[in-house]
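>>> coordinates only, no sequence provided:
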């Protein structure tokens, strides 16, 4: 019995060490620096299997880990105190990640930084088979403009980023439709142009004649309590909108009262419902749902990327929405639908069918083999943009 | 003798621990979060003495240090594995810094990130007595635009940032002068608007009627070897400009042949020498010196912030410079002049006097109590901008 146990243990140890060895030696050695590394940095790297290899000098550390996709991978130290290690294969596209050095979660000093998960942190790009649609190409490019403006709603200065299409400054008589495009929870107004590469997707679509040029407004939907003078008398004859019921209402006020009027004043927009769209990812999709259902006179195209659906019940409650809105677009990452999170909107595919049956122009797209991440949203946007503002 | 030694040692130990204790308890406890922290982050903090206090959780670390101003300060760990520590007083204004965790140099996960020292890393803002001039105020704001364009010189896509003044998009008949404004070594095209806050300085100057509205172009002066077809036949009848003599020549080609023509095409500029300026900090100042001396037909205002001077000999070698250039502006941080680094331009103050004596309109400014850092350059720009394009 004892001997048998010993033999079993030996076999397990042998097999374990073999499989560890095997796991370490089977990576395809075609690692190249990630395309979103800082200038001149050789790490992090990715290989053709989608594995991520990181490296950092930490001579006095007890342990260093790569933290990506909710899994931590141990790095190993060489004689110079340099730690190296790699992850399991990752899905195509962009992922947030971080390093863990003796218990401290920090950005990798070699990568560019992106705002997500409520912090500026490292990002990596796994080359995707379809990466051409968001590549930087020798085509005419639009601009991404940082716009600072005063918000009457929140009584402070706000910032948004605005994409103007190529040629915007050349023909000063031309006016453009506008898409209001929102980020997800824990992200901000920088997400769609930084990790989403939405400006490059638009530039490429326009160069190929696949999308009509339009303006894209990317503001911060993470709604903060406005400053308020508590001593000011309340007008009790008016409906109380304070405090706002939730973040959708809070951002709705800012969007309708501050952002849209500012954009229509400062940019050459076509300032009516027919040429105004709203879309968003995750939390931004849910905001899009609430805000467009409540304002069918303001928006005529509606997009939700991994952010819920419009349900048949929604339409019943808002006949004007069905009458006036020209397009509902719903998309998800394929991996999300393996374990769909059901919200008040129900199953997105069933809803799409029900909306179509009810006569609503509804599109449904699923990004193959991607999760609740930016590659799903890049692809969703790429499918969505050509459908907008086609008279 | 033994007893005396013991007593001496005891006294030394007592005094040492007293002075350590003293050093730790004498900080003024008015620390507040830095203005360039990530949203919602309580650390890093600064106090009224200009000390920087950082905090990070690293339960398994042997040591953690704050690395700022070329000095490393040890942090101490509490019972929860959270490390806290602070620096000696720092000069007013913006500083790069990093953390060191068991030998790994990493960004502080709580700060915003800025490109300098050839990497994206942490920054902190020590409130300055004169910080009002670069504060975000309720005034009309210009835009900072990310502009992507193709460079014939380097045969690739390049990126710059362009500041357009408030109202640029409102009166489409108006044309504007242009300042080409360069960063320093190890920095890039993001520096002047991120850590330099040049857009806010301009917005404030314009709001107060102190500067004429102009466009500012911020490109990347870190010149990389262009791709070149080695098999292409060389035209040996032409002067050989390959390889470029140095980085100034390399960037000069890009500036003259790519950037200026692109800006004059895409923006409503006044496209002549009289309304074109060039300035830069550190390496960018030295590039400004070389490029403007070689091209007095192109630029009429010249600014160098901590980046050398024009010498009387320079003027002798370029009579056209003296004839055509309307202004030379030279500035330094006060601490730099304590140990001036002498380049081919000689002592900046002496040169200023000599240039003035030679009839050149020359301004000299010294930023009080600041070093080779951004507060010197913000102040330099603030002095420089009102002198530009005054007909």
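Looks like it came in fine. A quick note: this is a predicted structure, and the numbers were derived from the prediction, not measured.
>>> can you tell me which residues contact residue A:376?
Shown in contact with residue A:376 (Cβ atoms under 8 Å, 6 or more residues apart in numbering or on different chains): A:93, A:305, A:306, A:331, A:332, A:333, A:336, A:367, A:370. Heads up, the C-betas are built off the backbone N, CA and C, glycines and all.
>>> for the residues you listed, pick the one with the most neighbours.
For the contacts of residue A:376, counting by other Cβ atoms under 10 Å in any protein chain shown, the largest number of neighbours falls to residue A:305: 33 neighbours.
>>> look up how far chain B lies from residue A:36.
Residue A:36 is 11 Å from chain B, where distance means Cβ to the nearest Cβ, to the nearest Å.
>>> before we move on, the earlier item: closest to chain B among the contacts of residue A:376?
Using Cβ to the nearest Cβ, the shortest approach to chain B within these belongs to residue A:93, at 21.5 Å.
>>> what sits against the closest one?
Applying Cβ under 8 Å, 6+ apart, we find residue A:93 in contact with A:125, A:126, A:128, A:370, A:373, A:374, A:375, A:376, A:378.
>>> kindly report the same for residue A:328.
For residue A:328, the residues meeting the contact criterion (Cβ under 8 Å, 6+ apart) are A:302, A:303, A:304, A:310, A:355, A:360, A:361, A:362, A:363.
>>> hmm, try it at 6 Å
Listed by Cβ atoms under 6 Å, 6 or more residues apart in numbering or on different chains, the contact set of residue A:328 reads A:302, A:310, A:360, A:362.
>>> same check, this time on residue A:112
If you count contacts by Cβ under 6 Å, 6+ apart, then residue A:112 has A:36, A:38 around it.
>>> need the pLDDT of it.
pLDDT, the model's per-residue confidence, is 98 for residue A:112.
>>> sort out which of the contacts of residue A:328 are in strands and list them.
Within the contacts of residue A:328, membership in strands is found for A:302, A:362, as judged by DSSP state E.
>>> including neighbour count, could the contacts of residue A:328 go into TSV?
Below are those laid out as TSV (neighbours: other Cβ atoms under 10 Å in any protein chain shown):
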residue	neighbour count
A:302	26
A:310	28
A:360	19
A:362	20
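>>> quick one: which of the contacts of residue A:328 is nearest to chain B?
residue A:302 (27.9 Å).
>>> so the closest one sits against residue A:291, correct?
No - with contact defined as Cβ atoms under 6 Å, residue A:302 and residue A:291 do not form a contacting pair (9.3 Å).
>>> so where do the strands sit in the stretch 251-391 of chain A?
Secondary structure of the stretch 251-391 of chain A by DSSP state E, counting those that start in this stretch: the strands cover A:276-281, A:301-305, A:327-333, A:362-367.
>>> which of those strands sits closest to residue B:175?
The stretch from those with the least distance to residue B:175 (Cβ to Cβ) is strand A:276-281; that distance is 31.8 Å.
>>> which residues does the residue of the stretch 251-391 of chain A at minimum distance from chain B contact?
Using Cβ to the nearest Cβ, the point where the stretch 251-391 of chain A gets nearest to chain B is residue A:266, with a distance of 6.0 Å. With Cβ under 6 Å, 6+ apart as the criterion, the residues that contact residue A:266 are residue B:169.
>>> again with residue A:283
Residues touching residue A:283, when contacts are defined by Cβ under 6 Å, 6+ apart, comprise A:184, A:185.
>>> what about it, distance to residue A:103?
30 Å (Cβ to Cβ, to the nearest Å).
>>> ok, residue A:250 next?
Remark: distance between residue A:250 and residue A:103 (Cβ to Cβ) = 36 Å.
>>> of these two, who's got more company?
Legend: neighbour count by other Cβ under 10 Å for residue A:250 and residue A:103, higher for residue A:250 (22 against 17).
>>> helix or strand: which one has that one?
Here residue A:250, judged by DSSP states H and E, is contained in helix A:247-254.
>>> repeat for residue A:166
Element membership of residue A:166, judged by DSSP H and E, is empty: it is in no helix or strand.
>>> residues from the stretch 251-391 of chain A in reach of chain B?
Selection of the stretch 251-391 of chain A residues close to chain B by Cβ under 6 Å from any Cβ of the partner chain yields residue A:266.
>>> got any ranges where chain A has weak pLDDT?
Per-residue confidence of chain A (counting by pLDDT under 70) places the weak regions at A:1-25, A:223-249, A:340-345, A:391.
>>> now do 50
Counting by pLDDT under 50, chain A shows low-confidence ranges at A:1-2, A:7, A:11-23, A:225-230, A:232-236, A:238-244.
>>> let me see the ranges of the helices in it.
Using DSSP state H, the helices of chain A run over A:2-25, A:191-194, A:198-207, A:247-254, A:260-266, A:283-294, A:312-317, A:319-324, A:348-357, A:374-384.
>>> pick the most buried one from the ones you listed.
The highest mean neighbour count among the helices of chain A, using mean count of other Cβ atoms under 10 Å in any protein chain shown, belongs to helix A:374-384: a mean of 26.
>>> now the angle from that helix to strand A:276-281?
Between the axes of helix A:374-384 and strand A:276-281, defined by axes from the mean of the first three to the mean of the last three Cα atoms, to 10 degrees, the angle is 160 degrees.
>>> so how far is helix A:374-384 off the chain centroid?
Distance, stretch centre to chain centre, for helix A:374-384: 9 Å (Cα atoms, centre = their mean, to the nearest Å).
>>> show me what residue A:72 bridges to in the sheet.
Beta-bridge pairing of residue A:72, defined through DSSP bridges, involves residue A:67.
>>> what about it, distance to chain B?
Applying Cβ to the nearest Cβ, one obtains 13 Å for the distance of residue A:72 from chain B.
>>> test my guess that residue A:103 contacts residue B:62.
No - applying Cβ under 6 Å, one finds residue A:103 not in contact with residue B:62, separated by 11.2 Å.
>>> please name the nearest non-neighbouring residue to the residue in the stretch 101-250 of chain A that chain B sits nearest to.
For the stretch 101-250 of chain A, the residue positioned closest to chain B under Cβ to the nearest Cβ is residue A:104, at a distance of 3.5 Å. By the measure of Cβ to Cβ, 6 or more residues apart in numbering or on different chains, the closest residue to residue A:104 outside its immediate chain neighbours is residue B:58, 3.5 Å from it.
>>> ok, now residue A:359?
Of all residues not flanking residue A:359 in the chain, residue A:322 sits nearest, at 7.3 Å (Cβ to Cβ, 6+ apart).
>>> endpoint to endpoint, stretch A:94-111 covers what distance?
As for stretch A:94-111, its first-to-last residue distance stands at 12 Å under the measure Cα to Cα, to the nearest Å.
>>> ditto for stretch A:329-337
From its first residue to its last, stretch A:329-337 covers 16 Å (Cα to Cα).
>>> what comes into contact with that stretch?
Among residues not part of stretch A:329-337, those counted as contacts by Cβ under 6 Å, 6+ apart are A:303-306, A:309, A:348, A:352, A:363-372, A:376, A:380, A:384.
>>> how much space between residue A:121 and residue A:103?
If you go by Cβ to Cβ, the gap between residue A:121 and residue A:103 works out to 17 Å.
>>> make that residue A:201, sorry
Distance, residue A:201 to residue A:103, by Cβ to Cβ: 39 Å.
>>> got the contact list for the nearest residue to residue A:361 once chain neighbours are set aside?
Once flanking residues are discounted, residue A:361 sits nearest to residue A:327: 5.1 Å by Cβ to Cβ, 6+ apart. For residue A:327, the contacting residues are A:301, A:361, A:387, taking Cβ under 6 Å, 6+ apart as the criterion.
>>> show me which of the residues you listed are buried.
Burial by neighbour count, 16 or more other Cβ atoms under 10 Å in any protein chain shown: within these this picks out A:301, A:387.
>>> can I get the contacts of residue A:327 in TSV with distance to residue B:116?
Formatted as TSV, the entries for these read as follows, by distance: Cβ to Cβ, whole Å:
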residue	distance to residue B:116
A:301	42
A:361	50
A:387	43
